[in-house]
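Participant: Sequence plus predicted model, see below.
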Amino acid sequence: MGGELEGVEGPPPARGAAEPERLVSADADGAEEQRIEAALRPRKLGDFVGQERVREQLSLVLQSALRRGRTPDHVLLSGGPGLGKTTLAMIIAAELGQPLRISSGPAIERAGDLAAVLSTLAEGEVLFLDEIHRLARPAEEMLYMAMEDFRVDVVVGKGPGATAIPLDIAPFTLVGATTRAGMLPGPLRDRFGFVAHMDFYDAAELEIIVRRSAKLLGVEIGDDAAAEIAGRSRGTPRIANRLLRRVRDYAEVRTDGTVTQESARAALALYEVDERGLDRLDRAVLESLMRKFGGGPVGLSTLAVSVGEEPETVEVVAEPFLVRQGLLARTPRGRVATAAAWAHLGLAQPPTAPMAGTLFDVDGDTGRPGE
Ligand SMILES: Nc1ncnc2c1ncn2[C@@H]1O[C@H](COP(=O)(O)OP(=O)(O)O)[C@@H](O)[C@H]1O
Ligand SMILES: [Mg+2]
């Protein structure tokens, strides 16, 4: 399909572009969002908010390489979507004063595609491979040798007559990014001299990011409003920036344009993103679990049917965040709402079944609604 270099130079293909927009999704939502994000990206390590340890470690790696006049070790950035991997890759190149070449695992279909990129790298250049866990096997094997020996074997011909022509490539720095570090084969992971694990951001860090982005977008925002947005951003800068833009729209159309805590609250209520960053689907799952199944345990597919969704949607889209927030637990017997979930939705938690059965309830009724 396509030419050799198709998709190799540009930004990685937008994932989820065809999916319905979900305001609290951590994935970038198409080309328009990528364009805006580019404008909001910090360009220097010093402007990168949070990830203190990663920043300090990386700063050492880069500075020492600069001092020795050598290319730094290859860097692997691992963490969920929207936490700043692409941003850091760009910063690494900028700090080294080198151009950044961008490609991604899915864009490289054959080893030849990778050889074409590698052989045109100039000395010291930084190659960013996004979603590196999705690299095809033959390309991955070629990458091992390139990372270690700055050499590739280009296979010419097919079958018994095929010959491998060794090709030297200029010393370069590979920056790989992955949302699934566990899916990286060991030999590939081992060839990275530095692995950075990106964590979710705390509210104070997100607040700084919101205020910084507001400034870049020319939006006036109060500190309490920035905190309001930060608290609903699920620990993820990309979501913080997106919520900020929706709140700005609201403030521009409905008020004088200044984002106050009041307009932030009103806007986010309109978009159905609650104080903890749960959206409609998240709340529907919890509410169904509590109202229809007494808080569980209930099986995933039953729960999914009760909210009119596919099991995969509930499992992949809603559950990880609910589990992370301690609102939902996955147990061997099914999904269970935690005490925090009952409190968050303002529902009264029924007494737990054994207590009700043994102490208070002579009929053995569990006290669960709907039984
Ligand atoms: N530490 C940070 N400080 C400021 N903005 C950030 C930070 N991390 C991410 N962002 C912003 O969040 C958005 C998504 O970041 P990105 O690097 O594309 O995430 P990823 O590649 O991990 O999905 C960008 O607009 C970027 O400006
Ligand atoms: Mg990215």
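Facilitator: Structure's in. What do you need? Ligands and ions are numbered 1, 2, ... in the order given.
Participant: What number of residues are in the vicinity of residue 122?
Facilitator: As a burial measure, residue 122 scores 11 neighbours (other Cβ atoms under 10 Å). (Each C-beta comes from the backbone N, C-alpha and C, glycine too.)
Participant: For my notes, confirm it occurs in a strand.
Facilitator: No. Counting by DSSP: H, G, I helix; E, B strand; the rest coil, residue 122 is not part of a strand but coil.
Participant: list the contacts for it?
Facilitator: By Cβ atoms under 8 Å, 6 or more residues apart in numbering, the residues touching residue 122 are 99, 170.
Participant: Grab the nearest non-local neighbour of residue 132.
Facilitator: In space, and not counting its chain neighbours, residue 132 is closest to residue 176: 3.8 Å by Cβ to Cβ, 6 or more residues apart in numbering.
Participant: same thing with residue 231?
Facilitator: residue 203 (5.4 Å).
Participant: okay but the one you found is in contact with residue 232, surely?
Facilitator: No. Taking contacts as Cβ atoms under 8 Å, residue 203 lies outside contact range of residue 232: 9.6 Å.
Participant: Between these two, point out the one with more neighbours.
Facilitator: Counted by other Cβ under 10 Å, residue 203 and residue 232 do not tie: residue 232 has more neighbours, with 26 against 13.
Participant: pLDDT score assigned to the more buried one?
Facilitator: pLDDT for residue 232: 97.
Participant: For it, give its distance to residue 274.
Facilitator: 7 Å (Cβ to Cβ, to the nearest Å).
Participant: Tell me how many other residues crowd the one residue in the stretch 51-200 of the chain that gets nearest to ligand 1.
Facilitator: Distance from ligand 1 to each residue of the stretch 51-200 of the chain (Cβ to the nearest ligand atom) is smallest for residue 84, at 2.7 Å. Residue 84 is flanked by 25 other residues according to other Cβ under 10 Å.
Participant: quick revisit: tell me which element the residue nearest to residue 132 falls in.
Facilitator: Assigned by DSSP states H and E, residue 176 belongs to strand 173-178.
Participant: Please apply the same query to residue 166.
Facilitator: Per DSSP H and E: residue 166 is located in strand 163-168.
Participant: Listing partners with orientation, what would you give for that strand?
Facilitator: Here strand 163-168 is paired, per DSSP bridges, with strand 151-156 (antiparallel).
Participant: and the partner strand, how far out from the chain's middle?
Facilitator: In terms of Cα atoms, centre = their mean, to the nearest Å, the centre of strand 151-156 is set 34 Å apart from its chain centre.
Participant: Equivalent analysis for stretch 300-310, please.
Facilitator: Centre-to-centre, stretch 300-310 and its host chain are 25 Å apart (Cα atoms, centre = their mean).
Participant: What of stretch 69-83?
Facilitator: Using Cα atoms, centre = their mean, the mean C-alpha position of stretch 69-83 is found 15 Å from that of the whole chain.
Participant: and the end-to-end length of that stretch?
Facilitator: Start-to-end span of stretch 69-83 (Cα to Cα, to the nearest Å) is 30 Å.
Participant: Report the buried residues of it.
Facilitator: For stretch 69-83, the neighbour count (16 or more other Cβ atoms under 10 Å) marks 71-83 as buried.
Participant: List just the nearest of these to residue 154.
Facilitator: Comparing the buried residues of stretch 69-83 against residue 154 with Cβ to Cβ picks out residue 74 as the nearest, at 21.1 Å.
Participant: Hmm, residue 147 and that closest one touching each other?
Facilitator: Yes. If you go by Cβ under 8 Å, residue 74 and residue 147 touch, sitting 5.6 Å apart.
Participant: Might you enumerate the residues of this structure proximal to ligand 1?
Facilitator: 37, 40-42, 48-51, 81-87, 209, 237-238, 241 (Cβ under 6 Å from any ligand atom).
Participant: What subset of the residues you listed is buried?
Facilitator: The neighbour-count criterion (16+ other Cβ under 10 Å) marks 37, 40-42, 48-51, 81-87, 209, 237-238, 241 among the residues of the chain next to ligand 1 as buried.
Participant: all strands of the stretch 251-371 of the chain, in order?
Facilitator: Ranges of strands within the stretch 251-371 of the chain are 328-331, 334-337, based on DSSP state E, counting those that start in this stretch.
Participant: any idea which of the ones you listed is most buried?
Facilitator: Per residue and on average, the most neighbours among those fall to strand 334-337, with a mean of 22 (mean count of other Cβ atoms under 10 Å).
Participant: Just the C-alphas of that one, formatted as CSV.
Facilitator: What follows is strand 334-337, C-alpha atoms only, in CSV (Å, rounded to 0.1, in the frame of the first residue of the first chain):
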residue,chain,number,x,y,z
GLY,A,334,-18.1,-9.3,39.3
ARG,A,335,-18.1,-5.5,39.5
VAL,A,336,-18.7,-3.9,42.9
ALA,A,337,-19.4,-0.2,43.7
